[in-house]
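Visitor: Dropping a prediction and its sequence here:
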Amino acid sequence: MRHTIVAAAVALALAACVDGGPLLQNRAPTGPVSAYIPCQSESIFTTQVPTEQGYAYPGWQVGTQFTAEDSLLITKFRFYKATGETGPHTAKLYTVGGTLVASAGFGGETASGWQSTTLVSPVLIPPGEYVVTVNTNTYQAKSGGYFAFNGSIQRTSLKATGGRYGQPINSYPVNGSSSAFFVDVTICPRL
């Protein structure tokens, strides 16, 4: 019975995130759930913007290392696109050990600024350390020394601890960095 309740709770939380609604007050539960599940989406960098818009990083995989302090439902990938950066782009989510968990391509990108892609099948991850990355083709937006100066970024259920970079494109970025590369996830916390 516990598995049925957990599955129903995840389905309800997923529906709330995908629909963008803060609460599921008007939805009928799909299983034996006694309460509705709130879903208040959050991301690591929110509306922040990088200080360096055209740092040359052609042919690299850059990203953000973060800790999920609870089980999280990842619904979107995001990255800040530098002016002059060319596409296409694919975001990848790895465990900190380098195991690929999920990936998704970006469509309809604008010339610069925040880009996002909604996952067709959102990913439920357990507590642990992860790295979210995106490929760079020409330029990357970043804030050099961001984590050295500011420390980690703490949100409700996740904590960003540093940047990651490496070559070639589409490989796990093995190098750590104090720079923030503004690669992000959107989550539904505390399932």
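Guide: Nice, I can see it.

Visitor: What mean pLDDT does stretch 166-175 get?
Guide: The average pLDDT within stretch 166-175 is 94.

Visitor: Which pLDDT value does the model give the residue lying closest to G105 once chain neighbours are set aside?
Guide: In this structure, G105 finds its nearest non-sequential neighbour in T90, 4.8 Å apart by CB to CB, 6 or more residues apart in numbering. (Each C-beta comes from the backbone N, C-alpha and C, glycine too.) pLDDT for T90: 97.

Visitor: now S178
Guide: Value listed for S178 in the pLDDT field: 96.

Visitor: now it: how far from S152?
Guide: To S152, S178 is 11 Å away according to CB to CB, to the nearest Å.

Visitor: okay, and the common contacts of those two?
Guide: G162 (CB atoms under 8 Å, 6 or more residues apart in numbering).

Visitor: who are the neighbours in contact with G163?
Guide: Going by CB under 8 Å, 6+ apart, G163 touches 62-65, 142, 146-147, 176-181.

Visitor: Quick check: ChimeraX command selecting the buried ones in the residues you listed.
Guide: Of the contacts of G163, the buried ones go into a single ChimeraX selection, burial set by 16 or more other CB atoms under 10 Å:
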select :62,63,64,65,142,146,147,177,179,180,181
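
Visitor: Please narrow the contacts of G163 to those residing in strands.
Guide: Among the contacts of G163, the residues falling in strands (DSSP state E) are V62, G63, T64, Q65, K142, G176, S177.

Visitor: least confident pick among these?
Guide: For the ones in strands among the contacts of G163, the minimum pLDDT belongs to K142; the value there is 92.

Visitor: and that one, what are its bridge partners?
Guide: For K142, the beta-bridge partners under DSSP bridges are E52.

Visitor: Distance of it relative to V132?
Guide: From K142 to V132 the distance is 15 Å (CB to CB).

Visitor: Moving C-terminal from the top strand by length along the chain, which element do we reach first?
Guide: In the chain, with assignment by DSSP E, the single longest strand is strand 113-125. Next along the chain after strand 113-125, taking DSSP states H and E as the criterion, comes strand 128-136.

Visitor: how far off strand 113-125 does that next one point, in degrees?
Guide: Relative orientation of strand 128-136 versus strand 113-125 (axes from the mean of the first three to the mean of the last three CA atoms, to 10 degrees): 150 degrees.
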